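*Asks:* Predicted model, plus sequence, below.
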Amino acid sequence: MTGELGNKIDSLWEIFWNGGITNPLDVVEQMTYLIYYAGK
């Protein structure tokens, strides 16, 4: 993924990784949770 959205996703991924969440499925689950609740 490229562009601004890709950069934001990469930044989030790095935050999760540095926080100790290294399983890709866990990262996707957390991102989905954030997107869902950020839209409310």
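*Replies:* Now that the structure is in, tell me what you want to look at. Residues are numbered from 1 along each chain as shown.
*Asks:* burial measure for Leu12, as a count.
*Replies:* As a burial measure, Leu12 scores 14 neighbours (other CB atoms under 10 Å). Just so you know, the C-beta spots here come from the backbone N, C-alpha and C atoms, and that holds for glycine as well.
*Asks:* How many residues are close by Ile21?
*Replies:* 15.
*Asks:* what's the answer for Gln30, then?
*Replies:* Quick note: Gln30 (other CB under 10 Å) scores 15 neighbours.
*Asks:* Wait, it touches Ile21, no?
*Replies:* Yes - counting by CB atoms under 8 Å, Gln30 touches Ile21, with 6.7 Å between them.
*Asks:* Could you list the low-pLDDT ranges of the chain?
*Replies:* The chain contains residues with pLDDT under 70 at 1, 40.
*Asks:* repeat that with 90
*Replies:* Low-confidence segments of the chain (pLDDT under 90): 1-2, 5-6, 8-10, 12-13, 16-17, 21-22, 24, 27-28, 30-40.
*Asks:* Please identify the buried residues of the helix or strand containing Tyr36?
*Replies:* Using DSSP states H and E, Tyr36 falls within helix 24-38. Within helix 24-38, the residues that qualify as buried are Val27, counting by 16 or more other CB atoms under 10 Å.
*Asks:* Any idea how far that helix is from the middle of the chain?
*Replies:* Relative to its chain's centre, helix 24-38 lies at 6 Å (CA atoms, centre = their mean, to the nearest Å).
*Asks:* Quick one: list the elements packing against it.
*Replies:* helix 3-18 (3 or more CB pairs under 8 Å, 6 or more residues apart in numbering; DSSP states H and E).
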